[in-house]
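S.K.: Here is a sequence together with a model predicted from it:
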Amino acid sequence: MTQQQPILELKNVTSAYGRIKAIREVSLKVYPGEVVSIIGANGAGKSTTLMSICGVLHPEQGEVWYDGVRIDGLASDLLPARGLCQVPEGRRIFPRLSVEENLDMGAFFRKDAAAIDHDKNRVFQLFPILQERRKQYGGTLSGGEQQMLAMGRALMSRPRLLLLDEPSLGLAPLIVQQIFRIIREINEADGVTVVLVEQNANLALKSSSRGYVLETGNVVMEDSAEALLANPDIRKAYLGE
Amino acid sequence: MTIRVSKLWFGYALAMAWFYVLLWPLLGIKADGLEFGASFAIWSKVAVASAILLGLYQLKKVGAFGFVERPAKVVGKAAGAVAARVPTWVALALVAAVAVAFPFFTERYAHDVAISVLVYIILGLGLNVVVGLAGLLDLGYIAFFGVGAYTYALLSVHFGLSFWLCLPIAGGFAAIAGCIIGYPTLRMRGDYLAIVTLGFGEIVRIVINNWMSLTNGPNGILGIKAPGIYWWNGKGFEHMLLNSLEQLYYIILALAVFTIVAVYRLNHSRIGRAFEAVREDQTAAELMGVDTLRIKLLAYALGAVFGGLAGTFFAARMKFVSPESFTFIESAMVLSMVVLGGMGSIPGVILGAVTLIALPEVFRGFELYRMFVFGGVMAGMMIFRPKGLWPAKRMGARSEERE
């Protein structure tokens, strides 16, 4: 696997909000087919890292390479068509569009109607509840259903690399289990590479092959998921032991 | 019960006292001294009227009107059931038939009012694209109405171009104006956008007012031609101008129908969905691959086109344009229609335009109190129907269409 070209690579990326630097010289690599977790406490710069990848925030320094192309100067709306899609923190579904319209928005840039229908069926297969609720307003769904809708919406763009920002945020444990099961299924059955940003380090690492640990804007550790789970420092800091 | 009753009347007394405090300075303070008679006369009328209303409300609460209410409820339910059975197209055909037959059983004055209602319907629907669908608060919308009106006025007076040719030209000019105004401003969100659009609306009016060599300034432009058509006169086709109000009514009716169909189609299209996505969450829309600036610009330009079309007709109907017709109060009026009717709802906006233009004509006798009533109605709306008279209801409509 290490011989492969990474699908995503960050080289010394520094991003800031005004004068406050949120991440400093973050470097990471993601290879095709992997699930990679980025774990860290509140304010460690996890979401900033994702926003810098997606072009919502343009890095001050450093380079972001996706699929052999440098993307750190590109506008964020150009990326979904290249197969890079983000499920943002807090889900951010469109509350006054129906569930199905939300899904259609995920395929906004696509013109291939037949393939879109196929992908929509796949999303309904992964999340049967969405099919039941497809005529409802997105805003009337429960938190877990909204998370599923946000993931379904992102899948409608037929991503090759999916960035998930805190998918477990504010959800009941049972729902979180279900969400993570689906993340694994998307990865294994559909071959989507996944970058997972999580506070729930235990769950995230158990679903991933590798992990990065962010602390106050710096990558402090990088290892395989098993090794991180076994690391006493990590267990103490993030797993509450 | 007794406690609640006394609370109600206490509130009434307080409200009336407050009302008098507000009313007296307006009517009682005069140059030659203070006066209480006039304000007290009006105040007592209002007080008695509201006391009667309050009494009726209480009787209703107690159930004294049961003998009227129960049968009325049954009748209402039956009527609702019948209405639900009638297919939409029958209702639409009925409305269309009434609209077409309208000039035959009404007076000149009614034609005049109907024409302004239809002009405002077009304006309201155009603004609805910007405010209702794309969620961009535009306080200077009337500028595009002005651009359309002046485009036709100048082309007609100086070059003698016909109304029908100028209609698309004016629409195009308004769209260009929309892009020029929109490009720098649409990067802003929320309140900032509202303030900047307000400023641009005024800039357009002031430019028209001061560009003497082109627009003849505050004197306006006279001698604009009415729309013309070719008509069979027995021997051949003859060009004639449509000057009568009935003929103009049919032209604006056709334009309004065109606008309704266009906005309906837009509402149910992929682009319409993108407008709403940008309104709901701009960042999320961007992450889904929507070029938000372009989509907002498109919404702005499309809204402007309808403003331009309405403006062209306005110039042709009045045969005179001056900057006075394009003041901020007009923008506020059109915006009120959209909000009153229900943002994003086509029947709502139509209802809003009818309410705000036709009702003041019906109550001409109270003209002095027009703004007063207007404010009261708006405040009441916010309490009782915050989503508008006929709120948008199209859950999943666009998805269904694709099946």
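M.R.: Now that the structure is in, tell me what you want to look at.
S.K.: burial count for residue 77?
M.R.: Chain wasn't specified; assuming chain A. 23 (other C-beta atoms under 10 Å in any protein chain shown). Heads up, the C-betas are built off the backbone N, CA and C, glycines and all.
S.K.: that's the wrong chain, I wanted chain B
M.R.: 10.
S.K.: separation between it and B:Arg70?
M.R.: 11 Å (C-beta to C-beta, to the nearest Å).
S.K.: can you check B:Leu193 too?
M.R.: Going from B:Leu193 to B:Arg70 by C-beta to C-beta gives 51 Å.
S.K.: Likewise for B:Phe173?
M.R.: Counting by C-beta to C-beta, the gap from B:Phe173 to B:Arg70 is 60 Å.
S.K.: Give me the more crowded residue out of the two.
M.R.: The neighbour comparison of B:Phe173 against B:Arg70 (other C-beta under 10 Å) goes to B:Phe173, with 23 against 10.
S.K.: does the more buried one sit in a helix or strand, and which one?
M.R.: Here B:Phe173 sits within helix B:163-185, counting by DSSP states H and E.
S.K.: That helix packs against which elements?
M.R.: The contact analysis (3 or more C-beta pairs under 8 Å, 6 or more residues apart in numbering or on different chains; DSSP states H and E) places helix B:163-185 against helix B:142-159, helix B:190-210, helix B:292-318.
S.K.: Just put those in CSV and tack on distance to chain A and mean neighbour count.
M.R.: Listed next are the helices and strands packed on helix B:163-185 as CSV, based on distance: least, C-beta to the nearest C-beta, whole Å; neighbours: other C-beta atoms under 10 Å in any protein chain shown:
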stretch, distance to chain A, mean neighbour count
helix B:142-159, 26, 26
helix B:190-210, 17, 17
helix B:292-318, 7, 25
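S.K.: Quick one: closest of those to A:Phe109.
M.R.: Checking the helices and strands packed on helix B:163-185 against A:Phe109 by C-beta to C-beta gives helix B:292-318 as the closest, at 12.0 Å.
S.K.: now the angle from the closest one to helix B:190-210?
M.R.: Between helix B:292-318 and helix B:190-210, the angle comes out at 40 degrees (axes from the mean of the first three to the mean of the last three C-alpha atoms, to 10 degrees).
S.K.: just checking, what packs against helix B:292-318?
M.R.: Against helix B:292-318 (3+ C-beta pairs under 8 Å, 6+ apart) you get helix B:108-128, helix B:142-159, helix B:163-185, helix B:245-267, helix B:270-280, helix B:282-287.
S.K.: Taking their axis directions, the first one and helix B:292-318 sit at what angle?
M.R.: Just to be clear, that refers to helix B:108-128. Computed by the same axes, to 10 degrees, the angle between helix B:108-128 and helix B:292-318 is 170 degrees.
S.K.: The fourth one too?
M.R.: Between helix B:245-267 and helix B:292-318, the angle comes out at 170 degrees (the same axes, to 10 degrees).
S.K.: tell me which residues in helix B:245-267 are buried?
M.R.: B:245, B:247-249, B:251-253, B:255-256, B:259-260, B:262-263, B:266-267 (16 or more other C-beta atoms under 10 Å in any protein chain shown).
S.K.: quick one: stretch B:294-301 to chain centroid distance?
M.R.: Computed by C-alpha atoms, centre = their mean, to the nearest Å, the chain-centroid distance of stretch B:294-301 equals 21 Å.
S.K.: and it, average pLDDT?
M.R.: On average, the pLDDT along stretch B:294-301 is 94.
S.K.: If we go by neighbour counts, what in the helix or strand containing A:Ile182 is buried?
M.R.: Here A:Ile182 is covered by helix A:173-189, with elements defined by DSSP H and E. Buried residues in helix A:173-189, counting neighbours by 16+ other C-beta under 10 Å, are found at A:Ile175, A:Val176, A:Gln178, A:Ile179, A:Phe180, A:Ile182, A:Ile183, A:Ile186, A:Asn187.
S.K.: Need the residues that contact that helix.
M.R.: A:33, A:35, A:126-127, A:143-144, A:147-148, A:151, A:155, A:162, A:164, A:167-168, A:171, A:192-194, A:196, A:200, A:203, A:207 (C-beta atoms under 8 Å, 6 or more residues apart in numbering or on different chains).
S.K.: same question, stretch A:85-92
M.R.: Identification of contacts with stretch A:85-92 by C-beta under 8 Å, 6+ apart yields A:47, A:50, A:53-54, A:79, A:106, A:143, A:146-147, A:149-151, A:153-154, A:157, A:159, A:161-167, A:169, A:197, B:281, B:283-284, B:287-288.
S.K.: how long is it end to end?
M.R.: End-to-end distance of stretch A:85-92 (C-alpha to C-alpha, to the nearest Å): 14 Å.
S.K.: Tell me the buried residues in it?
M.R.: The neighbour-count check on stretch A:85-92 (16+ other C-beta under 10 Å) flags A:Cys85, A:Gln86, A:Val87, A:Pro88, A:Glu89, A:Arg91, A:Arg92 as buried.
S.K.: Kind regards, and thank you for your time.
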